[in-house]
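**Q** missing the sequence, but the structure's below:
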């Protein structure tokens, strides 16, 4: 709903349509909002599932794995850092925060490699059994 209102507002700004003119331009504006996604979904029905897959993999990972250690680091060690009033919930200082950030980065890189098909390419083109001998 918010996306629809946002695009309607954007198109009314682009075409300089006033509130009084909105009713007569309502159908073409809604067409501009809904026809491009409809055309994409008709051409490739899985396009929105793929978009949700990528958005979930990278957006959620960034939001919940990368940002919290960066925020804690800034609060503890940034320019405006103040002494903590309570014991930190994440102990061991910079070591644990750096480890959390490294683990998050590794997970995001692994997800990206999987989405790009790097692991499948390695399995097809490189004989890993030679490495174990």
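**A** Right, received. Where do you want to start? Note that the coordinates shown come from a computational prediction; the quantities given were computed from them, not determined experimentally.

**Q** for residue 84, what are phi and psi?
**A** phi -70, psi 140 (degrees, to the nearest 10).

**Q** just give the closest residue to it, not the sequence neighbours.
**A** Once flanking residues are discounted, residue 84 sits nearest to residue 76: 7.2 Å by CB to CB, 6 or more residues apart in numbering. Where C-beta positions appear, they are placed from N, C-alpha and C, glycine not excepted.

**Q** tally of neighbours for that neighbour?
**A** 16 (other CB atoms under 10 Å).

**Q** would you agree it is in contact with residue 83?
**A** No - using CB atoms under 8 Å, residue 76 makes no contact with residue 83, being 9.9 Å away.

**Q** for residue 105, helix, strand, or coil?
**A** At residue 105 the chain is in helix, as set by DSSP: H, G, I helix; E, B strand; the rest coil.

**Q** now do the residue nearest to it when sequence neighbours are not counted against residue 109, distance only.
**A** Leaving aside its sequence neighbours, residue 105 sits nearest to residue 66 (CB to CB, 6+ apart; 7.2 Å). The gap separating residue 66 from residue 109 is 12 Å, by CB to CB, to the nearest Å.

**Q** of the two, give the one with the bigger neighbour count.
**A** Neighbour count, other CB under 10 Å: between residue 66 and residue 109, residue 66 has more, with 17 against 11.

**Q** mind listing the helices for this structure?
**A** Per DSSP state H, the chain carries helices over the ranges 2-14, 22-43, 47-54, 61, 67-77, 93-116, 118-125.

**Q** if you count contacts, what does the second one end up packed against?
**A** Contacts of helix 22-43 with other secondary structure elements, assessed using 3 or more CB pairs under 8 Å, 6 or more residues apart in numbering; DSSP states H and E, are made with helix 2-14, helix 47-54.
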